[in-house]
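In: coords please:
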Amino acid sequence: MPRRAILRGHVRREGPEAGERHSESTYFVDLEPGELSGVFAAPQWLRDFGVLAWLLVGISALMVAAVTLLALMNTIVIPVVTATIIAAVCAPLVRRLARHMPRAAATVVVFLSLLALGVGIALLVLGGIVSQASSMQSTLEKAVANLQEGLKDAGVSAGKAQQAAGDASSTVTDAFHALLDGLGAGISALASLAIFLSFTALSLFFLLKDGPLIRKWAEGHLGLPPAVSHVITGRTLGALQGYFAGVTAIAAFNAIVIGLGALVLGLPQIGSIMLVNFFAAYVPYLGAWSAGAFTVLIALGSQGRTTALIMAVVVLLANGALQQMIQPIAFGATLGIHPLAVLIVTIAGGSLFGTIGLILAAPLTSAAVHISSDLAHARAIEGRASPTEEPSHA
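Out: The predicted model follows:
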């Protein structure tokens, strides 16, 4: 039965003689049981938002714990991740060769080709740097001297200019000596590199050989329907392949444009400049600009400020306006996302997860976008294909 609640209040009454006076009145209101229980309850949207916030907190904590755990096992995690990326990129080549020979033989051919390519590139790059280290160091020291003169001409005091030049010169000299010493007597560093390369090579061989089996096992343990799991793994592998195809195209473009500019301007070490700009482009955004700064310093030390200024314009065009014409074609065709999105997620991934985040942020974002689109498209098709209940005719 409804309960009767008593509400008391003051009512103002006006009289012609006494003016204003107050009297207390009593009101009776019939209330159902529990009718006032939800008066101070939070609205449903706020409840949903609170649940979502706690879920995000839990996911963030899980990610932090996972990253911390993986960081403790970086000795094996980084080689396996590196091998996984290489295997994902080279999987189509193994698959094509496997049509004409056993997969094990195709794996051996691709693995040995990659090994020979890696050794050749390492010898080419390190050999070029070591053979030209003294001349490059003298060129960079001349660049520092020219930079000091430029600072003086710009109005900087001689003492501050000298201090800045001394700091830059010592940094350049220490960097080159560290490089040469590391190549000649860095036993510890070489041992760590050997362990990394060994684990990477071993992981790469098994990933190339048993890639389909590993993918099938992973799809079966995702806890999702087989079709959905297949879409997720397929899109992820496709995004990795497309990303590195796009990066290779951009790296080759940067190396050719900057190399041609250096050739026209008569800079020394054209081969080293092109190699540095090509391989640095595989470090998203930061690598290309660092290699461009290196090229401008070479121009400043060998040809002077005018040539360095022209080279700086070439670098800006190669990494800026001209690259913007290539990036939509490269990343748009291979990743299907806007270059600005690539920039944002790359910087964010690098800030959170370091070098691995820099490399994997864009392809994983592309994979997530395409997976969401594929699932939405499949749901739409399923909705259209489902039989509708026809009205019965009496």
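
In: low-scoring stretches of the stretch 151-300 of the chain, by residue?
Out: Low-confidence segments of the stretch 151-300 of the chain, defined by pLDDT under 70, are located at 151-191, 284-285.

In: go again with 90.
Out: Applying pLDDT under 90 to the stretch 151-300 of the chain flags the ranges 151-201, 208-212, 214-259, 261-300.

In: mind listing the helices for it?
Out: Assigned by DSSP state H, counting those that start in this stretch, the helices in the stretch 151-300 of the chain fall at 158-185, 187-209, 211-220, 226-265, 270-280, 286-303.

In: okay if I get those as JSON lines plus mean neighbour count and distance to Ala361?
Out: For every residue, glycine as well, the C-beta is placed using N, CA and C. Listed next are these as JSON lines, based on neighbours: other Cβ atoms under 10 Å; distance: least, Cβ to Cβ, whole Å:
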{"stretch": "helix 158-185", "mean neighbour count": "13", "distance to Ala361": "29"}
{"stretch": "helix 187-209", "mean neighbour count": "15", "distance to Ala361": "21"}
{"stretch": "helix 211-220", "mean neighbour count": "14", "distance to Ala361": "21"}
{"stretch": "helix 226-265", "mean neighbour count": "19", "distance to Ala361": "10"}
{"stretch": "helix 270-280", "mean neighbour count": "20", "distance to Ala361": "18"}
{"stretch": "helix 286-303", "mean neighbour count": "21", "distance to Ala361": "13"}
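
In: among these, which is nearest Thr107?
Out: Nearest to Thr107 among these is helix 187-209; the distance by Cβ to Cβ comes to 4.3 Å.

In: by how many degrees do the closest one and helix 211-220 diverge?
Out: With axes from the mean of the first three to the mean of the last three Cα atoms, to 10 degrees applied, the angle from helix 187-209 to helix 211-220 works out at 80 degrees.

In: which secondary structure elements does helix 187-209 sit against?
Out: helix 74-97, helix 103-131 (3 or more Cβ pairs under 8 Å, 6 or more residues apart in numbering; DSSP states H and E).

In: again, only this time at 10 Å
Out: Under the contact criterion of 3 or more Cβ pairs under 10 Å, 6 or more residues apart in numbering; DSSP states H and E, helix 187-209 touches helix 74-97, helix 103-131, helix 158-185, helix 211-220.

In: so Thr68 sits in a helix?
Out: Yes - per DSSP: H, G, I helix; E, B strand; the rest coil, Thr68 lies within a helix segment.

In: that one: neighbour count?
Out: With neighbours defined by other Cβ atoms under 10 Å, the count for Thr68 comes to 9.

In: just use 779 as the starting number from now, easier for me
Out: Right, with 779 as the first residue, what we last looked at is Thr846.

In: give me the pLDDT value at it.
Out: As predicted, Thr846 sits at a pLDDT of 81.
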